[in-house]
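Chemist: compute the structure for the input listed below.
(3 chains)
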Amino acid sequence: MTEAVGFELREAGRGISPGRDLDSLVERVLEAGADVFFRIDSPLGPVFVAVGSRGVTRVDRAGSEEEFCRRYRERFGRLLAPAGKRDLDLAERLAAALAGRRVEVPLDLERMTPFQRRVMSVVRGIPRGEVRPYGWVAREAGSPGASRAVGNVMARNPVPLLVPCHRVVRNDGTPGNYGFSPREKVRLLREEGVPLEELSGSPYTATPNTGVFCHTTCRHARRIRPENRLAFRSPADALRAGFRPCRVCRPAAV
DNA sequence: TGGGTGACGCTCC
DNA sequence: GGGAGCGCCACCC
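Modeler: Sure, this is the predicted structure:
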């Protein structure tokens, strides 16, 4: 079981006492004055995950343990101690969340601005296998037109995979950039079953049967049979053709 | 405080 | 079709 999540069975650091999950880990974090880190296999390969008293603070690709701890200390001003056997439940939950499954994992985004937190919350809600454009994220976060600012937030996402910034793409349906490289973004999206070729150039899909148009990866759009599909390049085009936006994926403001 | 920056988006050519 | 140029917005220094 432990091998399945790639969790390192290392004894806990100084001051860490027994506990079963996040609540008890929180108590121990507060006692020890140090946050706790895990090394877990993920779709990005092995990553370090740091957890503080309020939740996950950082996900980063695994280099050396020393380097991760040093950078964490510089950025957060806190020490890191390796998680222990007692933290297996949380390690498994983290592994599931990193793999894109819907698992409750608290995030500590205290250091972010209100706009950044709204963006993170919107992006966190994009389901596996679906993508949304930067402009849509900006609108849903309450700042229509701030798509470039959304890109800035994504570029500094402290918890990649847990906040799936790889599911945010350009308005024209092309993948756009990614912190770990655009190729990595494409790979992650393919693994999640996103039809990138179909998406590029026709990011919106409608059907005359209902008069509704969706983001092409919306779960409703993906049920439309090929012979009933109409592709659109923009919400404006779909609206002009007389379609109304889907109430689930909200491709346009109503 | 204000100018520089950027994982964007739109228009023009 | 695709690249250049510029606007936009939030954030940083």
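
Chemist: how about the residues of the stretch 51-200 of chain A near DNA strand C?
Modeler: The stretch 51-200 of chain A comes close to DNA strand C at residues A:Thr113, A:Pro114, A:Phe115, A:Gln116, A:Ser143, A:Gly145, A:Ala146, A:Arg148, A:Ala149, A:Asn152, A:Val153, as judged by Cβ under 7 Å from any atom of the strand. C-betas here are computed from N, CA, C, even on glycine.

Chemist: buried ones among the residues you listed?
Modeler: Buried members of these, scored by 16 or more other Cβ atoms under 10 Å, are A:Phe115, A:Gln116, A:Ala146, A:Ala149, A:Val153.

Chemist: tell me the one of those nearest DNA strand B?
Modeler: Proximity of these to DNA strand B (Cβ to the nearest atom of the strand) peaks at A:Ala149, which lies at 4.5 Å.

Chemist: follow-up on the earlier one: restricted to helices, list the residues of the stretch 51-200 of chain A next to DNA strand C.
Modeler: Among these, DSSP state H puts A:Pro114, A:Phe115, A:Gln116, A:Arg148, A:Ala149, A:Asn152, A:Val153 in helices.

Chemist: what's the distance between the last one and A:Phe68?
Modeler: By that I understand A:Val153. A:Val153 is 22 Å from A:Phe68, where distance means Cβ to Cβ, to the nearest Å.

Chemist: tell me which two of the ones in helices among the residues of the stretch 51-200 of chain A next to DNA strand C sit farthest apart.
Modeler: A:Pro114 and A:Arg148 (17.9 Å; Cβ to Cβ).

Chemist: quick check: which element contains the nearest residue to A:Val49 once chain neighbours are set aside?
Modeler: Excluding the flanking residues, the one nearest A:Val49 by Cβ to Cβ, 6 or more residues apart in numbering is A:Phe38, at 4.6 Å. Per DSSP states H and E: A:Phe38 is located in strand A:34-42.
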